[in-house]
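S.K.: Got a sequence here, can you model it:
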Amino acid sequence: MADFKLYLPTLLKHEGGYVNHPNDPGGETKYGISKRSYPKEDIKNMTMEKAGHIYYMDYWVPMQCDKFNSQSVAEIIFDHCVNAGMRSAVCILQKCAGAVVDGHLGPKTIAAVNNAIPAVLFALIKAERLAYYQNLVDGRPTLQVFINGWHNRVNSFIFTS
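M.R.: Prediction:
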């Protein structure tokens, strides 16, 4: 089963430190935790421990990543959940695993994920994520400034297990 603690250091590295980019729809952000999503948090003084707790409780647990047999699949889809939201991540996961695409993560989706060939599922998710970001930029050209970073992030994932 996948383990959140194995991926957290990589996630925090991807998300980086404090940023307040004018084109970022999340606004003020630290470790990927945005003021838009967490208006009551002191973003500038956010600790890694606090960010890890938020990621675990608000993303990993709802995505049920601990139920996935493949650590690599859990990491690449969890990362998309963090970066693009749970519904987007679930829909990509369902599409790639051959489950009904309804945006709701349940036992049938988890079974489809765990019955898939992990390396194939991982590659499909990776390709869908790249397409997702291109579609995002096509619809909102002001986000073009982020496309190389998004592609680099997705391409940094290597299937291991």
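S.K.: tell me the mean pLDDT for the longest helix anywhere in the chain?
M.R.: For the chain, the longest helix by residue count, based on DSSP state H, is helix 118-139. Averaging pLDDT along helix 118-139 yields 97.
S.K.: Quick one: mean pLDDT for whichever helix or strand comes after it?
M.R.: Following helix 118-139 in sequence order, the next helix or strand is helix 147-155 (DSSP states H and E). Mean pLDDT, helix 147-155: 95.
S.K.: quick one: residue 64 and residue 104 touch, right?
M.R.: No. Applying Cβ atoms under 8 Å as the test, residue 64 and residue 104 come out as separate, 11.4 Å apart. (Glycine included, C-beta is placed from N, CA and C.)
S.K.: more crowded one of these two?
M.R.: residue 64 (17 against 13; other Cβ atoms under 10 Å).
S.K.: wait, what's in contact with that one?
M.R.: Residues near residue 64 by Cβ atoms under 8 Å, 6 or more residues apart in numbering: 105, 110.
S.K.: For residue 42, see how far away it is.
M.R.: From residue 64 across to residue 42, the span is 30 Å (Cβ to Cβ, to the nearest Å).
S.K.: before we move on, what about residue 95?
M.R.: 38 Å.
S.K.: Repeat that for residue 82.
M.R.: Taking Cβ to Cβ as the measure, residue 82 falls 20 Å from residue 42.
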